[in-house]
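**Q** Curious how this folds, go ahead:
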Amino acid sequence: MPRFPHASRTVSAMPSGVFSKVAHRIAAIETERYPLHVGDTYLEPATGCHLSDFSAESYPLVHTYAPPRGHPALLDAISHHHGVESGRIIVTAGATGGLGAIACTQVDPGEEVLILSPFWPLIRGIVQLHHGTPVEVPTLGLEDEERVVDALEARCTDRTVALYVNTPNNPTGRVMSASMVSAIAAFARRHDLWIWSDEVYRGIVFAEDGAVVAEAAPERTMSVFSVSKTYGMAGNRVGYAIGPDADAMASLRKATVHHFYSATTAAQLAAASVLRSGSDWLDRAVDRYRAAGFAAADRLGVARPQGGTFLFVDVQQALDERGAVGFLEDCIDRGLILAPGSSCGRDYPNHIRLCFTSAPPDVVARGVEVLAQLLGR
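**A** The predicted structure follows:
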């Protein structure tokens, strides 16, 4: 039992952090830093959408709680932006808070969630934190839907209750095709599963838009969005969930109220503003992201990203007996900070994740050059 001074077994079993093994080296960097490890943007939010634009003088209630389901202005903006009724929307403390609340709502202790891998690093811990069992389903290199569904079928049990999907994908930059989404939706129906659709990068696509999971399985999909990635507001911590009906959202609201009650009022007002007026900003941002992502991929000799803000690079050829940690240390010694591929799935110990939007393009290019040299490319 986790009596004083111990933490729960669930938390104790979780890793301390992605960078805990190399944090001391990162702190010791004295040369120029190339911080390509965290998914963020160097761009400031759109004009008129900064938190400083929402003062108490102009918005007298800005320092009070917003309604738990979301500020009316933001609910209205989301409803208009996505073309869904307000009753299917709940504003969350970032997409992270939204997925945590969904896990709390839909997973009982010991139940399993299938996670298409590689994946956003925090989803595995979110499932564990809510006493579920994350089941990783490696899909890298599986280009056709039949092989992906076979992989899902092989890991599905009578304890499986949900399936996590992320497109455009963090970390691979791949965008799911309509046929892939349809096959996954059919699989979920056969096994009576919820689908958790992580769509925080839906607005950052470089070619044709991918299929929308909720359109393939509207009756069972919980879609999660964020203004963090799409509009450069990561520090505001505002996201939102869209569910199939009011009943599903009523259950989710119980969890969000007890997790975080409500997202920050000023940040919600900023999010409402950017959803209504930020399309030009986003178009320009996507153009810059595309250029940076394509340039990085070309220099490293890997496939260009289809969307999102990451490259997922196999560095096995450059590893020695120290493994990936040693390689990351060599990168850090030259100012380059990357995320280990193992944080995106246990099947990827020889990969690294690189964010090409977390610093200005010239800084990213210099960091990519360091990586290319270490890889001998």
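**Q** rest of the way, CA atoms for contacts and neighbours
**A** Fine.
**Q** What segments of the protein are helices?
**A** 9-12, 23-27, 72-82, 94-106, 122-129, 145-155, 178-190, 213-216, 227-231, 246-259, 265-277, 279-300, 323-333, 361-374 (DSSP state H).
**Q** Using TSV, lay out the ones you listed together with mean pLDDT.
**A** Converted to TSV, the helices of the chain look like this (pLDDT from 0 to 100):
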stretch	mean pLDDT
helix 9-12	86
helix 23-27	80
helix 72-82	97
helix 94-106	97
helix 122-129	96
helix 145-155	96
helix 178-190	96
helix 213-216	94
helix 227-231	93
helix 246-259	95
helix 265-277	97
helix 279-300	97
helix 323-333	93
helix 361-374	98
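**Q** Of all the ones you listed, which one comes closest to P45?
**A** Nearest to P45, of all the helices of the chain, is helix 227-231, at 6.2 Å by Cα to Cα.
**Q** which other residues reach the closest one?
**A** Outside helix 227-231, the residues within contact range by Cα atoms under 8 Å, 6 or more residues apart in numbering are 39-41, 45-46, 94, 200-204, 233-239, 271, 274, 278, 281-282.
**Q** before we move on, what about stretch 340-349?
**A** With Cα under 8 Å, 6+ apart, stretch 340-349 has contacts from 18, 117-121, 136, 138, 171, 312, 324-325, 328, 350-353.
**Q** Next: stretch 100-113.
**A** Counting by Cα under 8 Å, 6+ apart, 126-127, 130-135, 159-164, 222, 251-252, 255-256, 259 sit against stretch 100-113.
**Q** Buried ones among the residues you listed?
**A** 126-127, 130-135, 160-164, 222, 252, 255-256, 259 (16 or more other Cα atoms under 10 Å).
**Q** so can I have CSV of the helices of the chain showing distance to A66?
**A** Formatted as CSV, the helices of the chain follow (distance: least, Cα to Cα, whole Å):
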stretch, distance to A66
helix 9-12, 31
helix 23-27, 37
helix 72-82, 9
helix 94-106, 15
helix 122-129, 25
helix 145-155, 40
helix 178-190, 35
helix 213-216, 27
helix 227-231, 17
helix 246-259, 12
helix 265-277, 5
helix 279-300, 25
helix 323-333, 42
helix 361-374, 37
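**Q** Tell me which of the ones you listed sits nearest to H63.
**A** Nearest of these (Cα to Cα): helix 265-277, 6.9 Å.
**Q** Among the contacts of helix 227-231, which lie within strands?
**A** Taking DSSP state E, the ones among the contacts of helix 227-231 that sit in strands are G239.
**Q** residues contacting the residue most central in space within the chain?
**A** Among the residues of the chain, the one closest to the centroid is W120, at 5.1 Å (Cα atoms, centre = their mean). With contacts defined as Cα under 8 Å, 6+ apart, W120 is in contact with 166, 169-171, 344.
**Q** Strands - which of these land there?
**A** Using DSSP E to define strands, the subset of the contacts of W120 located there is N166.
**Q** ok, V315 touching G376?
**A** No. Using Cα atoms under 8 Å, V315 makes no contact with G376, being 10.4 Å away.
**Q** Of these two, which one has the most company?
**A** Between V315 and G376, counting by other Cα atoms under 10 Å, V315 is the more crowded of the two (18 against 10).
**Q** Quick check on the more buried one: phi, psi?
**A** When read as degrees, to the nearest 10, the backbone of V315 gives phi -110, psi 20.
**Q** Report the spatially nearest residue to L99, omitting neighbours in sequence.
**A** Excluding the flanking residues, the one nearest L99 by Cα to Cα, 6 or more residues apart in numbering is V224, at 7.1 Å.
**Q** Convert stretch 96-114 to CSV, retaining C-alpha atoms only.
**A** What follows is stretch 96-114, C-alpha atoms only, in CSV (Å, rounded to 0.1, in the frame of the first residue of the first chain):
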residue,chain,number,x,y,z
THR,A,96,-3.6,16.7,-22.6
GLY,A,97,-6.3,17.6,-20.1
GLY,A,98,-9.0,16.5,-22.6
LEU,A,99,-7.4,13.1,-23.2
GLY,A,100,-6.9,12.6,-19.5
ALA,A,101,-10.5,13.3,-18.8
ILE,A,102,-11.6,10.9,-21.6
ALA,A,103,-9.4,8.2,-20.1
CYS,A,104,-11.0,8.8,-16.7
THR,A,105,-14.4,8.6,-18.2
GLN,A,106,-14.1,5.5,-20.4
VAL,A,107,-11.5,3.2,-18.8
ASP,A,108,-12.0,1.2,-15.6
PRO,A,109,-9.0,-0.2,-13.7
GLY,A,110,-7.3,-3.0,-15.7
GLU,A,111,-9.0,-2.3,-19.0
GLU,A,112,-6.9,-1.8,-22.1
VAL,A,113,-6.4,0.9,-24.6
LEU,A,114,-4.9,0.1,-28.0
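**Q** Would you indicate which residues of it are buried?
**A** 96-107, 111-114.
**Q** now it: how far from the chain's centre is it?
**A** In this view, stretch 96-114 has its centroid 16 Å away from the chain centroid, taken as Cα atoms, centre = their mean, to the nearest Å.
**Q** Just give the number of residues close to V370.
**A** Other residues near V370 come to 17 when the count uses other Cα under 10 Å.
**Q** Just list the residues touching it, thanks.
**A** 331, 334, 336.
**Q** Looking at these, spot the one nearest I90.
**A** The closest of those, once distances to I90 are taken by Cα to Cα, is L336, at 38.3 Å.
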